[in-house]
Structures are given as C-alpha cells and as structure tokens.
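Asker: sharing a model prediction with you, sequence too.
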Amino acid sequence: MRAAYASAPHPDDPLAGLVVGERPDPRPAPGWTTVAVKAASLNHHDLWTLRGVGIRPEQFPMVLGCDAAGLDTTSGEEVVVHAVIATDGWDGDETLDPGRTLLSEKHQGTLAEQVIVPARNVVPKPAELSWAEAACLPTAWLTAYRMLFVKAGLRPGQTVLVQGASGGVATAAIMMARGAGLRVWATARTEAKQKAALDLGAHEAFASEARLPERVDIVLESVGAATWAHSVRSVKPGGRIVICGATSGAQPPAELARIYFLQLSVVGSTMGTKAELADLIAFVRTTGLRPHIDRSLPLASVRDGMAAMAAGDLVGKIVIEI
Ligand SMILES: NC(=O)c1ccc[n+]([C@@H]2O[C@H](COP(=O)([O-])OP(=O)(O)OC[C@H]3O[C@@H](n4cnc5c(N)ncnc54)[C@H](OP(=O)(O)O)[C@@H]3O)[C@@H](O)[C@H]2O)c1
C-alpha cells in the first residue's frame, strides 16, 4: 500500500526521514479491523515522530499519522478512528493506561491507504461531516475538547486564554470554547494569525507577550517554553493552566513562586477517551461547528504539508485525502 512514513529519526532535520512509498499491507490480528483510509490529518506529533521523539529507534520505519476517517472493511461502516490504543483488557479511561500508545508510536499510523486498529477503536462518522472534517477530530479536536470540558472545569461566561492561536489544537479550542459560551482570548505570533483567531471566534486576540486587560480564569497551553511565563502571569489567583504540549520546548522558566503564591493549578491533559470522542462528535453535530481546514493535499504532497507545519505556516488543520 502507499503510505507516508518515517524511515529513521532525524532530530534536527525532521523532513529528511519522510518518505512517500510502498509499505506492506497490514494484516489485522483477531479483534482488530482494517480501515480503508479516506482522509487523515497532520499533527505536530508527526514532526515529533520524524525527529525521533516519543518513539524508540527500533520502531522505524513507521507509518506516520494519528487520526483518520475511512471505511471499516469488517463492518462496511463509515468510521472515525480513535487513536489511543489501550492494552488488551484495559477497562476505563484509555488515556490513563500506562501501556497505551498513540497510532504511529508502536502501531503503524494512518497516513496510508489502510490502517489496522482494535475493532473497539472506531466510532461512527456522522454523514454531515466530510471525510476531511472527520479526520481532524480524533487528535487535535479531541485534545482540545478534553482540555476545555474535562480538565479545565470552565463554566459558560468565564474567560479562557488560548496560547498559539493558529495550531490544530488551538483553533479547535477557540472554536469550541466560543461555541460553548465562554469568553475567548487568544495569542498569536503575527497580526495575520491574530486576525485569523478573531475570524474563528475569539473575542480578542493579542500578541504573544502582550499584557492582557485582565487576568483570565483558565489558560490552555500547547506552546510551552515560549509562552509559559506569560501563561502564569495571565491567570487569576486560584486559576488553572491546562497543558497538552510544548511545541517550542519543554523546559520553560518554572515561575514556581507565582504558582504557589497565587495558588494556581497546572493540569496535564492528553488526547481523550473514546467516550469523549463520541461526545465531541455529538457536540459538532449539535452546534454545526466544523474544523477549520487550512488546506487539503494528496498523499504525494505530504512533504509540503509537513514543511508548512514545521514552519508554523498554517491556520488550523492540514488534511491528506487518500
Ligand atoms: N498531549 C496530547 O495528547 C497532545 C495532543 C495534540 C497535540 N499535542 C501537542 O500540542 C502541540 C500543538 O499541537 P498541534 O498539532 O496543534 O501543532 P501545530 O498545529 O503545529 O501548532 C503549533 C502552534 O504552536 C505555536 N508555536 C510554535 N512555536 C512557537 C513559538 N516559538 N512561539 C509561540 N508559539 C509557537 C504556533 O502558534 P502561533 O503561530 O499561532 O503563535 C502554532 O500554531 C504540539 O506540541 C503537540 O505535540 C499534544
């Protein structure tokens, strides 16, 4: 089958290991199913994999891609793939399983004509979402959903600050927070991206280091070192920072004194459960929200998409149609 895969880790030049070529057709084990992929979206996770972060060297070559929408060839149904693969017999929140992996960490990923997953890892695709829209939900949108509605403890009317507005997780967070009745503020590095944040539903958008008019209830962090100090300075006493990633580096200034003196909470968040993916799908159906797709590309052009993501040259999601 045709696939986009990482041939070997390249810590300083992630695109050097990116190949579009033939990989063996996957064979599902008992209890697994084959999904014929119609669309998959790119995530920053793919760049981490190409750099060799979060994956052991012996796992290469590895088909990239965490999320997909396609046809379940066992049931014939149109499905969305839940990318969190729990260990057999795990019962409960899949993201808390110490042995869980994301697709493309241990099991081959979704940027391919076919992907195999445990049969329990698919949910029905709603007919009103396109393949491309559905393929944005399982990673970026699910992560933002859990940050907002499971980890942040937000109530409608409160103010949330989304750092690094233009990314996949951040655009999802802005749109869903607005859809849920929150006051939404966002930061971005350029004026064009600040404008894009407003277009997506943010009430106000600021430059990355800007002093805010007032402190916010919750900050959603995925940028890391570049915005961490600003996040700690921007949250109210007793407020909460929910963090899912550290794109710009994972060793920010600790700001420990502010954290204890202002009694802040720092809460980690990773992906979401299958049940939360089903709730997310119900949320987008009810509200009419749709992922903001920066561009759709064929598999042969996946390098262009990865390069754009590495350069931060995107607003929203890049989708690969297969
Ligand atoms: N824990 C999980 O389960 C989980 C799930 C999904 C994603 N993540 C992580 O979350 C992060 C975002 O993922 P994504 O797929 O949304 O990535 P993305 O689409 O590539 O977006 C990255 C965003 O980070 C911001 N950024 C990057 N470098 C920056 C810098 N030096 N200064 C300021 N902002 C910077 C940019 O915001 P602006 O250009 O708009 O300022 C950019 O939009 C990644 O690190 C990813 O690994 C974790």
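Answerer: Yep, that arrived. Just so it is clear, the model here is predicted, and its values are computed rather than measured. Residues are numbered from 1 along each chain as shown.
Asker: contact partners for residue 271?
Answerer: 83-84, 95, 102, 139, 142-143, 146 (CB atoms under 8 Å, 6 or more residues apart in numbering). (Each C-beta comes from the backbone N, C-alpha and C, glycine too.)
Asker: what is the nearest of those to the ligand?
Answerer: residue 143 (3.8 Å; CB to the nearest ligand atom).
Asker: burial of that closest one, as a residue count?
Answerer: For residue 143, the neighbour count with other CB atoms under 10 Å is 26.
Asker: what of the one 3 residues further on?
Answerer: As a burial measure, the neighbour count of residue 146 was computed by other CB under 10 Å and equals 23.
Asker: what sits against it?
Answerer: 95, 269-273, 276.
Asker: could you find the closest non-adjacent residue to residue 121?
Answerer: residue 82 (4.6 Å; CB to CB, 6 or more residues apart in numbering).
Asker: I'd like to know how far the one you found sits from residue 227.
Answerer: Using CB to CB, to the nearest Å, residue 82 is found at 29 Å from residue 227.
Asker: was I right about residue 225 contacting residue 245?
Answerer: No - using CB atoms under 8 Å, residue 225 is not in contact with residue 245, being 11.3 Å away.
Asker: which one's more surrounded, these two?
Answerer: Neighbours were counted for residue 225 and for residue 245 using other CB under 10 Å; residue 245 has more, 21 against 14.
Asker: tell me how many other residues surround the closest residue in space to the more buried one that isn't next to it in sequence.
Answerer: Once flanking residues are discounted, residue 245 sits nearest to residue 222: 4.1 Å by CB to CB, 6+ apart. Close neighbours of residue 222, defined as other CB under 10 Å, add up to 26.
Asker: can you tell me how far residue 222 is from residue 111?
Answerer: Distance from residue 222 to residue 111, by CB to CB: 21 Å.
Asker: near the ligand, which residues of the stretch 201-322 of the chain show up?
Answerer: 208, 222-223, 226-227, 244-248, 270-271, 309, 312 (CB under 6 Å from any ligand atom).
Asker: check the stretch 1-150 of the chain too.
Answerer: Residues of the stretch 1-150 of the chain lying near the ligand (CB under 6 Å from any ligand atom): 43-45, 48, 139-140, 143.
Asker: let's see which of those residues end up in helices.
Answerer: Secondary structure assignment by DSSP state H places 44-45, 48, 143 of these in helices.
Asker: which pLDDT value goes with the residue of the stretch 1-150 of the chain found nearest the ligand?
Answerer: For the stretch 1-150 of the chain, the nearest residue to the ligand under the criterion CB to the nearest ligand atom is residue 44, separated by 3.3 Å. In the predicted model, residue 44 carries a pLDDT score of 98.
Asker: same question for residue 252.
Answerer: So residue 252 comes in at 83 (pLDDT).
Asker: quick one: neighbours of it, just the number.
Answerer: Residue 252, neighbours per other CB under 10 Å, totals 19.
Asker: ok, for it, nearest residue in space, not its chain neighbours?
Answerer: residue 228 (3.3 Å).
Asker: same question, residue 227
Answerer: Nearest non-adjacent residue to residue 227 (CB to CB, 6+ apart): residue 163, at 4.3 Å.
Asker: residues in contact with the one you found?
Answerer: If you count contacts by CB under 8 Å, 6+ apart, then residue 163 has 170, 186-187, 208, 219-223, 227, 230-231 around it.
Asker: gap between it and residue 241?
Answerer: Taking CB to CB, one finds residue 163 at 9 Å from residue 241.
Asker: show me the shaky parts of the stretch 201-322 of the chain.
Answerer: For the stretch 201-322 of the chain, not a single residue meets the criterion pLDDT under 70.
Asker: tell me, what's touching residue 163 and residue 241 both at once?
Answerer: With CB under 8 Å, 6+ apart, residue 163 and residue 241 have common neighbours 219, 221, 231.
Asker: so residue 136 touches residue 41, yeah?
Answerer: Yes - counting by CB under 8 Å, residue 41 is a contact partner of residue 136 at 4.8 Å.
Asker: which residues do the two both contact?
Answerer: Common neighbours of residue 136 and residue 41 (CB under 8 Å, 6+ apart) are 67, 168, 317, 319.
Asker: so which helix or strand takes in the last one?
Answerer: Secondary-structure assignment from DSSP states H and E places residue 319 in strand 317-321.
Asker: quick check: can you name the pairing partners of that strand and their directions?
Answerer: strand 32-41 (antiparallel), strand 293-298 (parallel) (DSSP bridges).
Asker: looking at these, which is buried most?
Answerer: strand 32-41 (a mean of 23; mean count of other CB atoms under 10 Å).
Asker: against the centre of this structure, work out the most remote residue.
Answerer: Distance from the centre of the chain peaks at residue 261, with 32.0 Å (CA atoms, centre = their mean).
Asker: quick one, what contacts the residue of the stretch 51-200 of the chain found nearest the ligand?
Answerer: Using CB to the nearest ligand atom, the closest approach of the stretch 51-200 of the chain to the ligand is made by residue 167 at 2.2 Å. Neighbouring residues of residue 167 by CB under 8 Å, 6+ apart: 44, 140, 222, 247, 314.
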